[in-house]
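*Asks:* sequence and predicted model, in that order:
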Amino acid sequence: MKMFGKLIAATALAAALIVGCAKAPTEIKLGGVGPVTGEAATFGDSTKKGLSLAVDEWNAKGGVLGKQIKLVFADDKGDPAEGATVYTKLIQQDKVTAIVGTVMSKVTLAGAPIAQAAKVPMISPTSTNEKVTQVGDYIFRACFIDPFQGTVGAKFAFADLKAKKAGVIFDVGNDYAKGLAENFKKGFEELGGNVVAYEGHPSGTTDFKAQLTKILAGKPEVIYCSDYYNDDALIAKQARELGYKGPIVGGDGWDSADLVKIGGDAVNNCFFTNHYAPDATTAAVKTFVGGYNAKYSSTPDALAALAYDAGNIMLNAIAKANSTDGAKIKDALAATDLDVVSGHVKFDENRNPIKSAVIIEIKDGKQVYRTTVNP
Ligand code: PHE
């Protein structure tokens, strides 16, 4: 009899467990990806912080579809192969509803086909290479693209800095740097400028003197460098060591607190195109900078701002879709019409938002907002 009682209790427990499992999940899992370690670790750190802030704010307001958002954040280490691995893990193991990521174009280009094949909607906060959203209709981004960014840099060098001769240096193993260098060159030549040297270097280079010597032989009035901040800082240092005092212009990959730490005085008289300026006075920027600073005691860079924006765009789309179904979220994403920190987001037919760029000057070791350029 005792035995029988135990059996009933065990059966009841098993039944309760089954019912418990069958209940709809009480949370929505959102995947996040960024390079928290590796060659551009400040990118991942900022991205994780910006995205976490957005998720916390939604959760404090009651979540999405009445459920709390659980952020599952993975480190892609700035490496395409690692990126593919973590995208697969987030989709197959964690079963995330959607993904915000990743940061570097070369890594996003490895992850996006996996999300597309699994029909998991994703939005890259910061990958500016044109090819990223061409992967398919589940792939969006929260930033402008490099054909625009390169043209803005070229116009700034030509019209504002009055440079007629430019030297270009870039990482040949980095899709972003390579594409942006091409876009700058095209834009500068179309304006009537002359590219006196166009020098690619292998990934991982730390001594750029050979390329810089060739560039300086052409007597450029500006050097355009489309790499990430670690390279940019070393290139600026070595160019100064070789006697170059003129301006160096670059793209959003310059944005890191480590740029000045590594480059020191050499990065003064440098300028770069970016997505937002933390010293802008719009209400959206002020509120975001205040909230971020209260949480992390630091000023958010463009990566943090775009991760925050991308998180908001995605969570807004899930709410609008009123569903966690990938196809429905994708359609809601495509219909986005939202004010965010970095501007207003509406997607074109290639799932790219049309947004303005800002030009940042590095002056006395500080980032100073210079101007805004509209598309
Ligand atoms: N745009 C860069 C890329 O596509 C990433 C990046 C964005 C880096 C913004 C810094 C700031 O690879």
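*Replies:* All right, it came through fine. Residues are numbered from 1 along each chain as shown.

*Asks:* okay, now the sheet partners of the helix or strand containing Val196, with direction.
*Replies:* Per DSSP states H and E, Val196 falls inside strand 194-201. Strands that pair with strand 194-201, judged by DSSP bridges, come out as strand 165-171 (parallel).

*Asks:* got a list of contacts for the strand it pairs with?
*Replies:* Strand 165-171 is contacted by residues 157, 177-178, 180-181, 184-185, 188, 193-203, 205, 208, 211-212, 215-216, 218-228, 231, 235 when judged by Cβ atoms under 8 Å, 6 or more residues apart in numbering. Placement of C-beta: from N, CA and C, glycine included.

*Asks:* residues near Leu30, how many?
*Replies:* 26 (other Cβ atoms under 10 Å).

*Asks:* residues in contact with it?
*Replies:* Leu30 makes contact with 55, 69-72, 96-100, 311, 314-315, according to Cβ under 8 Å, 6+ apart.

*Asks:* let me see the backbone angles for it.
*Replies:* Dihedral pair for Leu30: phi -110, psi 120, per degrees, to the nearest 10.

*Asks:* Thr160: what's it in contact with?
*Replies:* Heads up, residue 160 is Asp, not Thr. Taking Cβ under 8 Å, 6+ apart as the test, what Asp160 contacts is Thr371.

*Asks:* one step back: restricted to helices, list the contacts of Leu30.
*Replies:* Among the contacts of Leu30, the members found in helices (DSSP state H) are 55, 311, 314-315.

*Asks:* chain center to the strand holding Val196, what's the gap?
*Replies:* Taking Cα atoms, centre = their mean, to the nearest Å, the mean C-alpha location of strand 194-201 is offset from the chain mean by 26 Å.

*Asks:* now do stretch 219-231
*Replies:* Centroid separation for stretch 219-231 versus its chain: 20 Å, with Cα atoms, centre = their mean.

*Asks:* could I get the phi/psi values of Ala142?
*Replies:* According to degrees, to the nearest 10, Ala142 has phi -100, psi 0.

*Asks:* ok, back up a step: which one of the ones in helices among the contacts of Leu30 sits closest to the ligand?
*Replies:* Gly311 (15.4 Å; Cβ to the nearest ligand atom).

*Asks:* count of residues packed around the residue nearest to the closest one when sequence neighbours are not counted?
*Replies:* Distances taken as Cβ to Cβ, 6 or more residues apart in numbering place Ala54 nearest to Gly311, at 3.3 Å, with adjacent residues excluded. Neighbour count of Ala54, defined by other Cβ under 10 Å: 27.

*Asks:* what's the answer for Lys366, then?
*Replies:* Neighbours around Lys366, by other Cβ under 10 Å: 11.

*Asks:* distance check, it against Asp279.
*Replies:* Plainly put, Lys366 is 10 Å away from Asp279 if you go by Cβ to Cβ, to the nearest Å.

*Asks:* where does Asp207 sit: helix, strand or coil?
*Replies:* With DSSP: H, G, I helix; E, B strand; the rest coil as the basis, the three-state label of Asp207 is coil.
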